[in-house]
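> quick check, what structure comes out for this input:
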Amino acid sequence: MRAPPTLAKFALFALLAAPAPGQEESYAADRTLRFHFSVGDGAEDWEASEARVVLEYSSDEGSHWREATSVPARQGSVDWTVPEDGRYLFRVIALDAVGNRETEDVAERAVVVDTRSPTVEILSPTAEHRHKAASDMTILWRVQDAHLGERPVQVRYALNNEATLHPLGEAFPAEMREPPARLFIPSDAWSVRVVVTATDRAGNEGTVQFYVGQEFIYPAVMDPARVVGLPEATMARRLEVPYGVDPRYETGLERVELFVSTDAGRTWEPTGLVDGAVGRRLGRFDWTAPRDGVYGFRLLAFYERGFTATPTPGAEMEPQGTVLVDSVPPRVELESPVGGALVWRGGERYPLVWLAGDNVQNLPLEFHLEYSLEGGSEGSWRDLKLPPGAVARESDRATLPAWSEALVPDRYRIPWVLPYFSSEDFRLRVRVRDFAGNEGTAASGRIQVRAGAPPVVAEATAGAPPETAEDTALLEARWHLARGNRRGYLDAMALYDVILETRPDHLDALMDRGHARFQLARLGEALADFQRAASLAPRDPLPVLNEAACYLAMGNKSKTAVRLYRERLMDDMAMNRSLSDDQASELARGLLEAARQIAWKDRPPAEQEKVSPSDLLEAERTLAAALELERLDPRLEPPIRALREELLVRLKGTP
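This is a model prediction of the structure:
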């Protein structure tokens, strides 16, 4: 009998800190862990390539073990993401080709996963204190975190706007009361910046900074002036960069200077634009981009004697606002149909195929399909409203022609059923719009259309096999759905009702009818259809996204939508990985809209002030969850961050 394999080596490397002396566990600041291993054999005729390695974990100190994943032994490593923060035990067990398990004692490794940063609270100095030059300043703090070391705090300072931070002594304990940390402020110091940083055992950092002048103290992490209301993208190179001044910090403000970055904040350059207006809370800069590209902006606010409450924009500082400047329209070519001697018949299916690409890569394109019965004359084009997800993009790029070295287009197609009409000069046109709003178009040549006889659903159901009847009814219903008006939705619903009477579990009919009901604002009925579809396809994210969209449209169910997003699409890792890029963007948009509703952002400012602190916290946590998405749409990140920063400011002002 073949001897079972043995585990020769078991080590945890990436993302795991080695246990400190006297500690039994490692700490990780990321939920994705990497395990390295090698397998040895107890029998000479056994091939290592046949073995598998099973990673098991326990979240209850070894009382119960669960299989996390398994990989071929020759792989040598395995990545796995824990479901939540906490303390875990891990072990790796080797199996041979017939399932013999490792018989020797299996080593276990304890890992504490902690992705949360410590919170730092400054106890002294406070805004009420006044500090004089040539004297000591007392610094007291309190740090909260579940996994702190003995001396996790560092204090650093800089005088008179200098860029270099100097350490104040060695490491300090988590709560500094007596004896306090003392910083001597020399007589020529008119400005002092103090930074207090706490680091937990996993390496997460929490930082608070404050600024001290001769007769004042500014609170932590202050940006007196910020870029606000910047568009995400623009076709024009000349644009306005609006900004706002926080009313709490406007006293003594002398001027605001604009800085620009072309590399996502890694480096910054002054624009030379300075606004010297004092006493107003809103302003703007008129700025012209030298070329197309992505530009980030930051402001530097100056007070009396040249004091600045924040450092001059430098290396690795996050932009306050970002804009894409793109003046080049996308390119589109229609592959099918091309027109000419074509004769089409109403009611039949024809493929619409086109190539499209844009000079700005990795941003979605928006498509509009239009048709004309009058040869494309002015005013004759009608929009062919497409249901969500109708346009398919081909994944095989090897067959695509290269338009240039930098631009290889994508091929798109949709199987389209021609309506029941006739025309001697029928034309099709594709309009493509890029993220900045530039448009490109491509139109077919002349096509003759001969009217066909529309199918009668009742007769087809009686005289044809059930599958053919359902296909006919579904095809006709989707044409009505694509009309995109009230009459079209009602006609489509009548056909979906016929299908669902005989096939109550017809998933496509349920999803399409739910879409029609949603467009008609029959939200309760739409919700029932999407919930039924979700029960039929529990691993499909689309019904869940539509279900949550119904709750958001109801206006008073935003928290229910958030719970649905988190429990079904975010906490369930298998479901989360099955999201397409479009579905991940829809999830992020839903979380943003839910946060806006919870925080009453659609109401007047006076009413927004009545939102409870618990609701503000719920909205902020919703936005924080959106920022943790692995495939966050880059267009959605700026508005999500901006709203979250606004909510954090509002939370600081609550009791």
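
> make it CA atoms for all contacts and neighbour counts henceforth
Will do.

> show me what the closest residue to Pro125 other than its chain neighbours is bridged to.
Closest residue to Pro125 apart from its sequence neighbours, by C-alpha to C-alpha, 6 or more residues apart in numbering: Ile139 at 6.1 Å. Beta-bridge pairing of Ile139 under DSSP bridges involves Ala181.

> pretty sure Ile139 sits against Glu175.
No. Ile139 lies out of contact with Glu175 (C-alpha atoms under 8 Å); the separation is 11.0 Å.

> now the helices for this protein?
Taking DSSP state H as the criterion, the chain carries its helices at 457-463, 466-482, 486-502, 507-519, 523-536, 541-554, 558-564, 573-577, 581-598, 605-608, 613-627, 637-652.

> the third one to helix 507-519, inter-axis angle?
What that stands for is helix 486-502. Relative orientation of helix 486-502 and helix 507-519, computed by axes from the mean of the first three to the mean of the last three C-alpha atoms, to 10 degrees: 140 degrees.

> can you start the count at 74 instead of 1 from here on
Sounds good: first residue 74 from here, last item helix 559-575.

> show me what counts as buried in helix 559-575.
If you call a residue buried by 16 or more other C-alpha atoms under 10 Å, then helix 559-575 has these buried ones: 561-566, 568-569, 571-573.

> name the nearest of those relative to Glu703.
Set against Glu703, the nearest of these by C-alpha to C-alpha is Tyr562 (35.8 Å).

> name the pair among the buried residues of helix 559-575 with the greatest separation in space.
Gly561 and Leu573 (18.3 Å).

> so what sits opposite the residue nearest to Gly449 when sequence neighbours are not counted in the bridge?
Among residues not flanking Gly449 along the chain, Arg500 sits closest, at 6.1 Å (C-alpha to C-alpha, 6+ apart). Going by DSSP bridges, Arg500 is paired in beta bridges with Ser445.

> burial count for Arg500?
Neighbour count of Arg500, defined by other C-alpha atoms under 10 Å: 25.

> and if you look at Asp613?
Counted with other C-alpha under 10 Å, residues neighbouring Asp613 total 16.

> make JSON lines out of the buried residues of helix 559-575 and add pLDDT and distance to Ser99.
JSON lines is the format used below for these (pLDDT from 0 to 100; distance: C-alpha to C-alpha, whole Å):
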{"residue": "Gly561", "pLDDT": "78", "distance to Ser99": "61"}
{"residue": "Tyr562", "pLDDT": "82", "distance to Ser99": "58"}
{"residue": "Leu563", "pLDDT": "86", "distance to Ser99": "61"}
{"residue": "Asp564", "pLDDT": "82", "distance to Ser99": "63"}
{"residue": "Ala565", "pLDDT": "83", "distance to Ser99": "59"}
{"residue": "Met566", "pLDDT": "87", "distance to Ser99": "58"}
{"residue": "Leu568", "pLDDT": "83", "distance to Ser99": "61"}
{"residue": "Tyr569", "pLDDT": "86", "distance to Ser99": "57"}
{"residue": "Val571", "pLDDT": "81", "distance to Ser99": "61"}
{"residue": "Ile572", "pLDDT": "83", "distance to Ser99": "58"}
{"residue": "Leu573", "pLDDT": "86", "distance to Ser99": "56"}
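
> quick one: which of those is nearest Ser150?
Checking the buried residues of helix 559-575 one by one against Ser150 (C-alpha to C-alpha), the nearest turns out to be Leu573, at 49.4 Å.

> contacting residues for the closest one?
Counting by C-alpha atoms under 8 Å, 6 or more residues apart in numbering, Leu573 makes contact with 579, 582-583.

> at 6 Å instead, please
Applying C-alpha atoms under 6 Å, 6 or more residues apart in numbering to Leu573 gives no contacts.

> state the distance from it to Thr270.
Distance of Leu573 to Thr270, given as C-alpha to C-alpha, to the nearest Å: 62 Å.

> again, but for Thr307
For Thr307, the distance to Thr270 - C-alpha to C-alpha - is 39 Å.

> okay, now the unreliable bits of the stretch 324-473 of the chain?
In the predicted model of the stretch 324-473 of the chain, residues 350-353, 377-383, 412-414, 420, 459-461, 468-473 satisfy pLDDT under 70.

> coming back round to it: how about the helices of the chain, which one is nearest Ala388?
Nearest to Ala388 among these is helix 710-725; the distance by C-alpha to C-alpha comes to 20.0 Å.
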